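Visitor: here is my input, please return the structure:
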Amino acid sequence: MYSGFSGGRQRVGNVTTVDSPNTAWVNMQPHWSLLEALQGGTYAIRKGHRRYLPQEPREQDSSYDVRLQRSVCSPFTTRIERMLAGMLTRKPVRLDDVTDQIREQLFDVDLQNNDLQSWLYNTSRICIRYGHVGVLVDAPKSGDNGRPYWIQYSPRDILGWRYESTDGQQKLTQLRLSEKILVPDGLYGEKQVEQVRVLTPGAFEIFQKDQKGDFRVVDEGTTSLSEIPFSVAYSNRTGVLESFPPLADIAELNLQHYQVQSDLSNQLHISAVPLLCLFGFPAAAEEISAGPGEAFALPTDARGEYLEPSGNSYDAQFRRLDQIVSQINELGLAAVMGAKLSAETAESKRIDRSQGDSTMMVLAQQMQDMIDNCLRFHADFMQESQAGSSLVNRDFMGARLEPQEIQALLQLYTAGTVTQETLLLQLEAGEVLGDDFDVEAELEATQAGGLMETPQPVPEQEVTMPEGEPEANDELAG
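Guide: Next comes the predicted model:
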C-alpha cells in the first residue's frame, strides 16, 4: 500500500501484530540494506550476488560465479564511519556533578564491559550509519539485585512508537523494540529467540516468538519511572524517530567502485595470457594444444602468432576508478577535514572546514543531549537527586599549539594580562598538558604552596621569536 505524504508516494506499514513495523520504519528500511552490506565487507556484498553485482547479458552462470569470487569491495564507507566516530571520541567525555556511585557504574555502562568512552564510539557509529540511534536505560525489576544499564538500538530494532505533545515537549506514550536473545538449548547448546519489548510510561511487556511463529507475553511489570526511559540522537533527522543515512551517497559510490573494479579485474585476468591464433590452418583439422613443452607443424603458408589487447580501454577504467575515489573523498573526508585531492583556494577550504565542523558539532550536541538524558534516567532509577551532565568532545581535528603561540600565552601571563587559570585552560585546550591534567587540582596545589603571586614581566629582550614571525603582541593587536 502507498500513501501520499509530502515526501512523495510512500509505503504504508500494515501493523497487525506486535512485531509489525510502522509506516516510518517501512519507508526508512530500503536505505539501510546497502549500508549494512558494506558494513559486512566483501563477504556480505558477495552474499548479495546479483543485487550488488549484476550479471552481464549472455554471461554464463559459472563465469559469473568466478567473477563474483574474484571481486573485492573496498571499505570506503566503513572507514569514513569509523573516522567520524573516532573524531567525536578522540577526547574522553567529561562528566560534571555526577555522583561517585553512578560514575563508577559508567565504567561498565552496558553490562558488556564497555566504559562510557567505548560505548559512545559504538553508539555514534550506529547514529552515523543509519541517521539516528536510540538508547534505553533499563533496570532490574523491583526487588531484584542489579543496577541500571544502557542499551543501544539501531533504527532497524525500533519497530513502532506513539507520542504526544505535552507542555511543548514530545513524550513517548508507546515504544516497541525488537530484540534477539540467546537462551540455553540442551546440555551444551544455545538458540536465538526473537522477542519484542513494549514500553509504556511506568510499565513494560515482553513478547517472545513461539514455535508456531506467534508472539506471546512471557513477562510484564511496572517501573519506578513515570516516563519511558528512552533517548534518541540524530545525525540527519527528518522527523520524530525518523532520519536519512548521511552516508547514503557515499555508499552508492562505494558500490559503483566495487562494480567497476570487478569489471576491470575480470578483463585484466582474461587478457593477462596472450591468445594463440593460427592463420591458414584447416578448420577441419583435429584440435591442437600449445604449451612450453609442446610443438606443432603447420601447413604451407600457414602461420601462428599471439594476440593481446593494446590496453587503451583499461586506462579509461583506471581513470574512472580514480574519479569515484575522488568523489568519495570530497563527499566524506573533505566535508569534515576541509581537504581534497584536487587543488582549491584557501577560502573554499575554510568554507568546507566550517561546514564539516558544523555537521560534527550537531552530532556532538545530539550525543551529549542523549547522554544527559540517560544520566537523568539512571539517577531516577537509583533514586539520586543529582543526575549531573556531560560534555562531548568538539575538538575534532586536533590543534596542538605551536611554540610561538605558547610563547605568546606566556607573555600575556607574565605581563599580568591573563590569570594562571586562563593560561592552564588554554594550554590544556591546545593539547600541551595532556588529557590527564587536572586544572582545578593544579590551581589548588599551587595556591596551597603559595605560588599564585603574579609573576614579574619578562624583559622584552629575553623573549626570542622565530625569525620571520611577527611579534605575539603585534598579532593580538591586529
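Visitor: buried stuff in stretch 192-207?
Guide: For stretch 192-207, a neighbour-count test (16 or more other C-beta atoms under 10 Å) marks 195-200, 204-207 as buried. No exception for glycine: its C-beta is placed from N, CA and C like everyone else's.
Visitor: list the contacts of it.
Guide: The contact list for stretch 192-207 (C-beta atoms under 8 Å, 6 or more residues apart in numbering) reads 18-19, 136, 159, 171-183, 208-209, 215-223, 225-228, 230.
Visitor: turn the buried residues of stretch 192-207 into TSV, including pLDDT, secondary structure and distance to Leu264.
Guide: Listed next are these as TSV, based on pLDDT from 0 to 100; DSSP: H, G, I helix; E, B strand; the rest coil; distance: C-beta to C-beta, whole Å:
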residue	pLDDT	secondary structure	distance to Leu264
Gln195	95	strand	46
Val196	96	strand	46
Arg197	96	strand	48
Val198	96	strand	51
Leu199	96	strand	51
Thr200	95	strand	56
Phe204	94	strand	54
Glu205	95	strand	54
Ile206	95	strand	52
Phe207	96	strand	50
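Visitor: thought Cys73 was touching Gln259?
Guide: No - look at Cys73 against Gln259 with C-beta atoms under 8 Å: they stay out of range, at 9.6 Å.
Visitor: quick one: which of these two has more around it?
Guide: Cys73 (25 against 15; other C-beta atoms under 10 Å).
Visitor: secondary structure class for that one?
Guide: coil (DSSP: H, G, I helix; E, B strand; the rest coil).
Visitor: secondary structure element holding the most centrally placed residue in the chain?
Guide: Nearest to the centroid of the C-alpha atoms of the chain, with distances taken as C-alpha atoms, centre = their mean, sits Arg125, at 2.9 Å. Assigned by DSSP states H and E, Arg125 belongs to helix 116-130.
Visitor: counting contacts, what elements does that helix pack onto?
Guide: Where contact means 3 or more C-beta pairs under 8 Å, 6 or more residues apart in numbering; DSSP states H and E, helix 116-130 is packed against helix 33-39, helix 76-88, strand 132-138, strand 149-153, strand 230-234, helix 346-381.
Visitor: dump these to a markdown table, plus distance to Leu425 and mean pLDDT.
Guide: Shown next, in a markdown table, are the helices and strands packed on helix 116-130 (distance: least, C-beta to C-beta, whole Å; pLDDT from 0 to 100):
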| stretch | distance to Leu425 | mean pLDDT |
| --- | --- | --- |
| helix 33-39 | 39 | 95 |
| helix 76-88 | 22 | 89 |
| strand 132-138 | 31 | 96 |
| strand 149-153 | 31 | 96 |
| strand 230-234 | 28 | 96 |
| helix 346-381 | 19 | 76 |
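Visitor: if we can go back for a sec, which two of the buried residues of stretch 192-207 lie the greatest distance from each other?
Guide: Across these, the longest distance by C-beta to C-beta is 16.7 Å; it joins Gln195 and Thr200.
Visitor: which residue ranges of the stretch 151-300 of the chain form strands?
Guide: Ranges of strands in the stretch 151-300 of the chain, per DSSP state E, counting those that start in this stretch, are 158-166, 169-185, 189-200, 203-209, 215-222, 230-234, 237-239, 242-243, 275-279.
Visitor: can you say which of those is nearest to Ala364?
Guide: Among these, strand 230-234 sits nearest to Ala364 (C-beta to C-beta), with 9.9 Å.
Visitor: angle of that closest one against helix 116-130?
Guide: 60 degrees (axes from the mean of the first three to the mean of the last three C-alpha atoms, to 10 degrees).
Visitor: same for strand 230-234, what does it pack against?
Guide: Using 3+ C-beta pairs under 8 Å, 6+ apart, strand 230-234 sits against helix 116-130, strand 132-138, helix 346-381.
Visitor: please repeat the previous calculation with a cut-off of 6 Å.
Guide: strand 132-138, helix 346-381 (3 or more C-beta pairs under 6 Å, 6 or more residues apart in numbering; DSSP states H and E).
Visitor: quick check: buried residues in it?
Guide: Buried-residue list, strand 230-234, by 16+ other C-beta under 10 Å: 230-234.
Visitor: now render the residues you listed as JSON lines, adding distance to Tyr130.
Guide: Listed next are these as JSON lines, based on distance: C-beta to C-beta, whole Å:
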{"residue": "Phe230", "distance to Tyr130": "16"}
{"residue": "Ser231", "distance to Tyr130": "16"}
{"residue": "Val232", "distance to Tyr130": "11"}
{"residue": "Ala233", "distance to Tyr130": "11"}
{"residue": "Tyr234", "distance to Tyr130": "10"}
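Visitor: buried ones in stretch 16-24, by neighbour count?
Guide: So for stretch 16-24, counting by 16+ other C-beta under 10 Å, buried means 18-19, 21-24.
Visitor: and for stretch 146-155?
Guide: So, applying 16+ other C-beta under 10 Å, buried residues of stretch 146-155: 148-155.
Visitor: tell me how far it lies from the chain's centre.
Guide: Centre-to-centre, stretch 146-155 and its host chain are 19 Å apart (C-alpha atoms, centre = their mean, to the nearest Å).
Visitor: other residues contacting that stretch?
Guide: Stretch 146-155 is contacted by residues 105, 109-111, 123, 126, 130, 134-140, 177, 374, 378, 381 when judged by C-beta atoms under 6 Å, 6 or more residues apart in numbering.
Visitor: just the CA atoms of that stretch, as PDB, please.
Guide: Output in PDB follows, covering the C-alpha atoms of stretch 146-155 (Å, rounded to 0.1, in the frame of the first residue of the first chain):
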ATOM      1  CA  GLY A 146      21.200  -5.100  40.000                       C
ATOM      2  CA  ARG A 147      21.600  -1.600  38.700                       C
ATOM      3  CA  PRO A 148      20.600   0.400  35.600                       C
ATOM      4  CA  TYR A 149      22.400  -0.100  32.300                       C
ATOM      5  CA  TRP A 150      22.200   1.400  28.900                       C
ATOM      6  CA  ILE A 151      21.200  -0.500  25.700                       C
ATOM      7  CA  GLN A 152      21.700   0.700  22.100                       C
ATOM      8  CA  TYR A 153      19.000   0.200  19.500                       C
ATOM      9  CA  SER A 154      19.500   0.900  15.800                       C
ATOM     10  CA  PRO A 155      16.500   2.200  13.800                       C
END
